[in-house]
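In: Below: sequence and its predicted model.
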Amino acid sequence: MTFAEKAGRFDAVVEARHVRHGFVSRSKLLTPGDLASSVTSDDDNDGLWTAMYLAAHAYRFRVTGDATARINAERSLRALMRLETIDPIPGYYARTYRRLDEPAPHQDNGEWHRVPGADLEWKSDTSSDETVGHYYG
């Protein structure tokens, strides 16, 4: 298997089962072993993993010129920028967000805030490791 083939396989898995609101998010199988039962959910590190995905596709686009790499990088960048604008604090970005019709986060899952005038809530308590990832992306 070539490096490009291997990367393609990993990318296909991410695209099929891990993209939520433009983020690279957690995925779980509702039925063990059944890939069709995959569902995504919010995760503390949605921004961090998305930033890594953004960087990878930016490198991929620079090296190969592949239009799909540019599309994936731009989608990831828009998701990260949304984390910056979803909360009311200039310069502070959310860890993630969710629509209110999505499954509620676990009770002990951090500090969530409602977005005024929208059926959304965002998660605060952003960490320094997430900041490093955002800057890298």
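Out: Thanks, I have the structure now.
In: Could you use CA atoms for every contact and neighbour count after this?
Out: Noted.
In: buried ones in stretch 8-28?
Out: 14, 17-27 (16 or more other C-alpha atoms under 10 Å).
In: so what pLDDT did the residue nearest to Val19 when sequence neighbours are not counted get?
Out: Nearest non-adjacent residue to Val19, counting by C-alpha to C-alpha, 6 or more residues apart in numbering: Ser25, 5.9 Å away. Listed pLDDT for Ser25 reads 94.
In: which residues does Ser25 contact?
Out: Residues in contact with Ser25 (C-alpha atoms under 8 Å, 6 or more residues apart in numbering) are 18-19, 40-43, 45-46, 49-50.
In: returning to that earlier point: which ones among the buried residues of stretch 8-28 lie within strands?
Out: 19-20, 23-24, 26-27 (DSSP state E).
In: And the furthest pair within these?
Out: Checked with C-alpha to C-alpha, these reach their widest spread between Phe23 and Ser27, with 11.5 Å between them.
In: Can you measure across stretch 83-92, start residue to end residue?
Out: End-to-end distance of stretch 83-92: 9 Å, with C-alpha to C-alpha, to the nearest Å as the criterion.
In: Can you list the residue ranges for helices in the chain?
Out: Along the chain, the stretches classed as helices by DSSP state H are 3-17, 46-64, 67-85, 128-136.
In: Could you measure from Gly110 over to Glu102?
Out: With distances taken as C-alpha to C-alpha, Gly110 is found 17 Å from Glu102.
In: List the contacts of the residue nearest the centre of the chain.
Out: Nearest residue to the geometric centre of the chain (C-alpha atoms, centre = their mean): Phe23, 2.0 Å. Listed by C-alpha under 8 Å, 6+ apart, the contact partners of Phe23 are 46-47, 49-50, 76, 79-80.
In: Can you tell me which of the residues you listed has the largest number of neighbours?
Out: Within those, neighbour counts (other C-alpha atoms under 10 Å) peak at Gly47, which reaches 31 neighbours.
In: list the contacts for that one?
Out: So Gly47 contacts 23-24, 79-80, 83, 95-96, 130, 133-134 (C-alpha under 8 Å, 6+ apart).
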